[in-house]
Every structure is written in C-alpha cells, then in structure tokens.
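K.L.:
next come a sequence and a model predicted from it.
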Amino acid sequence: MRFRKFKNKLRVPIKPNRLHFVLILCCMDFKFDLLPPPNDSFSAPYGYYENLPERTLTRLHRDVHANRQPSPLLRFRWSGLAFLFVVTLLIWGQLSDWGARISEDGNAAPLEAALVDLPESVRIEYLLAHSPSPDLQWLTSSEMNSMPIIESEVAAELLEQSSAASWSSDYELDLIAETEFIDTP
Amino acid sequence: MNKGESTPVQDPVELEIIRLFGAGEGDSALRLMMRTYQQILYKHIRRMVVDHDAADDLLQVTFIKAWQNLGNFRGEARLKTWLYTIASNQCLSYLKKKRRVFFLSIHDIEPELNRQLKAGTDVIDGDEISLVLQTAVLKLPDKQRLVFNMKYYDDLDYETMSRITGTSVGALKASYHHAVQKIQKQIKSSD
C-alpha cells in the first residue's frame, strides 16, 4: 500500500507545450551527433604529478652533465684523427714542394748573379762547358744576338778538342789491338 | 580556452615564469611551469601515445626543451600554446620513430596503441562508450587525431590550433569534420 501511494505521488502529468517542441527540435538537431560528451578517458597514476618537477629537474641536471661538450678530438675520435693525419700529410707534401722550389731558386740565383759579373766570353764558355743547352735560356736577348760569333769560335775550339779526343781514342784502340795481336799466339 | 587565445595574452603566471627565468632562477621557473601545465600537457600527450611511460618521458622532454629554449621565446603567442606545439611535435616524432623501429606502415600502429589501450583499462576512467570512442579515435591518422583531440577534449579554438600545428584554419576545420565523420561511422559499426 505504502509503495503504491509513493508511486502515485511521483506521477507527474505531462502536458505538451512550446518548451517541449523546442526540446524535441533540439534533440532532432543533436540526433546526428553521435559523439558522447568529452570525458577524459586517461588519468595519471596516483601521486604522479607530485614529484614530477623534481624528477624532471634531476633528469635535466643529469643530461646537462652527461652532454657536456667534449674536446673536438674526443668527439670525433678516430675519424677526426684520420682527418688530421691526412691534412698533415697534405701540408707536409706542400711544404716539401715549396722547400724544393725555394732551394732550386736559391741555388740558381747566386750562380746567375755571379755569371753576370764575369766577362761575356768567359761566361758563355762556362755555360757551354758546365751546362747543357737549356741553360742558355738564362741569357738575355742582347746576349743571344751576340751568340753566333762566339758560338762559332767556341764551336771551332770544341771541334778541335773533340777531334783530338777522337784521335786519341782511335790511337788507344789501335794500341790495344796491336797489343792483343802481339799477345795472341 | 577563451577565444582571445589568438592574440598573445600574457597572464600573470606566464609573466612570472619568464621573469624567474630571466632572473637566473631557472629551477624555480621550471617548477612553476610544470605545476601550471603538467596536467593538461600530460593528458594531451597521453591521448596521442596511450602508453603512460611514453607519456611521462615525452612530458619531461617537452618541459626540458621548453626550459632550454625559454630564452628564445618571443612572446608572440601564449606560453601554453608554445608548450602545446612542443608537446605535439614530440608526440608526432615519437609515433614516427616507433613506426620506423617496428617497420610498420603508416596506419599499422593503431593495433599496437589499441592493445595498449585495452591493457591499460585499469587507468581509464569512464564507461564503455569512452573506450569505444578511444578505439575509434586511434584509427585516425596521427595529425587528424591531434586535431580531433585538441578540439574535442581540450576545446581549443581553431586560431590557437592553427598556431600550434602551423596549418590554416580552413584545413583544420576540414580535418576535424572528417575525423568526426570517421569516428561516427566507426561507432555505428561497433554497435
């Protein structure tokens, strides 16, 4: 009995009015939106946020110490060392090349200077005697103009010397041949 | 988030963080920044990567990166928007790296995240519809999921989202619309 009375009290007569129509229209409008109201599904474990800044600070300081910039050699290690080795070789080769050039120039310059001071005939003679023909490139154009006369003189001299040499060599060969002939039974 | 988010509004907490950092009290600045934004950023990251440990790691990395670059913060946007940007980029990089490690194609990470979602039901609040919704959300591509989460859960306006993602407002609206349609279809099919 008591339950029936309570049920009767809860019964509310529903009379349709404008508000109901508006509500129905709103429901029709949202009928197509099947998404439920946003309810954040994920939650962090209990007490997670309490020590998060401290843990992050510890990690930050640890990372800063761990990521301290090492020296370039340690950072690059073997590749860096190999690179330095190659660069050293290249520099060494270039330096030795330069050194060779400097030494050549250093030897050539005093010789040229000394030859300039000598009399012309002596200089040409020296050049022909001690240097092969490419060294004649040192001579200036004026010197080159005077070359034919001097060359002919010197050439005559050289011809005499060479003929003498050839004679002496022929003579020696004859002597050897005679000696061998004599020694031969 | 209010609609005036597009203009750089410096609220007192943000100004205090920047002041502390400028005064050389970096630890205090980081503590204040984390106390203020750790919960919203944790949820944002967690929705993207699902796994709690990964979310914890990415959240710490986000704050460390923000702290390291706070000197370069130009104040053109809110600090919160800037932190959202860093966190979103961290999430996308993490998911991309995870795919690369496991040689998965672009959509194949969804079962892995789904498995983690079902394995972690003890920490998921809400009813079954929330789980269904999360399952449907995980089927979206990463960037679309990011947009959906920011709009649906965080209620960010499109201007702020545009600043965070570097995408136009129109593209974001279209992306959200497509995401909602896909999720609705997914929910209908699961009924």
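P.N.:
Arrived safely.
K.L.:
next, count neighbours for residue A:86.
P.N.:
10 (other C-beta atoms under 10 Å in any protein chain shown). Just so you know, the C-beta spots here come from the backbone N, C-alpha and C atoms, and that holds for glycine as well.
K.L.:
quick one: it from residue A:79, how far?
P.N.:
Note on residue A:86: its distance to residue A:79, by C-beta to C-beta, to the nearest Å, is 11 Å.
K.L.:
now do residue B:11
P.N.:
Going from residue B:11 to residue A:79 by C-beta to C-beta gives 50 Å.
K.L.:
and chain A, which residues reach chain B?
P.N.:
Proximity of chain A to chain B, by C-beta under 8 Å from any C-beta of the partner chain, involves residues A:33-36, A:38-45, A:48-49, A:52-53, A:55-57, A:59-60, A:63.
K.L.:
can you read off the pLDDT for residue 40?
P.N.:
Picking chain A for this. For residue A:40, the model assigns a pLDDT of 67.
K.L.:
please refer instead to chain B.
P.N.:
Predicted confidence (pLDDT) for residue B:40: 92.
K.L.:
can I get the CA coordinates of stretch B:72-91 in CSV?
P.N.:
Taking C-alpha atoms only, stretch B:72-91 is exported to CSV below (Å, rounded to 0.1, in the frame of the first residue of the first chain):
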residue,chain,number,x,y,z
ASN,B,72,64.3,32.3,-27.4
PHE,B,73,60.6,32.6,-26.5
ARG,B,74,59.5,35.7,-28.4
GLY,B,75,56.2,36.1,-26.6
GLU,B,76,54.2,36.3,-29.9
ALA,B,77,51.9,33.6,-28.6
ARG,B,78,51.0,32.3,-25.2
LEU,B,79,53.4,30.1,-23.3
LYS,B,80,50.7,27.5,-23.2
THR,B,81,50.3,27.5,-26.9
TRP,B,82,54.1,27.2,-27.3
LEU,B,83,54.2,24.2,-24.9
TYR,B,84,51.4,22.6,-26.8
THR,B,85,53.4,23.0,-30.0
ILE,B,86,56.5,21.4,-28.5
ALA,B,87,54.4,18.5,-27.0
SER,B,88,52.6,17.9,-30.3
ASN,B,89,55.8,17.8,-32.2
GLN,B,90,57.3,15.4,-29.7
CYS,B,91,54.3,13.1,-30.0
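K.L.:
just to revisit the earlier point, give the buried subset of the residues of chain A next to chain B as a ChimeraX selection command.
P.N.:
Remark: buried members of the residues of chain A next to chain B, expressed as a ChimeraX selection using 16 or more other C-beta atoms under 10 Å in any protein chain shown:
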select /A:34,41,42,44,48,52,53,56,57,60
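K.L.:
what stretches of chain B score poorly on pLDDT?
P.N.:
Within chain B, the stretches with pLDDT under 70 are B:1-10, B:101-127, B:191.
K.L.:
where does it come near chain A, residue by residue?
P.N.:
Going by C-beta under 8 Å from any C-beta, the residues of chain B near chain A are B:27, B:30-31, B:34-35, B:38-39, B:42-43, B:46-47, B:50, B:52, B:56, B:59-60, B:63-64, B:67, B:123-126, B:129-131, B:133-134, B:152-153, B:155, B:180, B:183-184, B:187-188.
K.L.:
check which helix or strand the spatially most central residue of chain B maps to.
P.N.:
Here the mean C-alpha position of chain B is nearest to the C-alpha of residue B:44 (C-alpha atoms, centre = their mean), at a distance of 3.6 Å. Assigning secondary structure by DSSP states H and E places residue B:44 in helix B:26-49.
K.L.:
list the buried ones in that helix?
P.N.:
Here helix B:26-49 shows B:26-27, B:29-34, B:36-38, B:40-49 as buried, counting by 16+ other C-beta under 10 Å.
K.L.:
now for it, which elements pack on it?
P.N.:
On a contact count with 3 or more C-beta pairs under 8 Å, 6 or more residues apart in numbering or on different chains; DSSP states H and E, helix B:26-49 meets helix A:52-66, helix B:12-22, helix B:52-68, helix B:79-102, helix B:142-152.
K.L.:
chain center to it, what's the gap?
P.N.:
Distance of helix B:26-49 from the chain centroid (C-alpha atoms, centre = their mean, to the nearest Å) equals 11 Å.
K.L.:
just stretch B:53-73 next, same as before
P.N.:
Distance, centroid of stretch B:53-73 to centroid of chain: 13 Å (C-alpha atoms, centre = their mean).
K.L.:
make CSV out of the helices and strands packed on helix B:26-49 and add distance to residue B:169.
P.N.:
Listed next are the helices and strands packed on helix B:26-49 as CSV, based on distance: least, C-beta to C-beta, whole Å:
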stretch, distance to residue B:169
helix A:52-66, 34
helix B:12-22, 24
helix B:52-68, 25
helix B:79-102, 15
helix B:142-152, 11
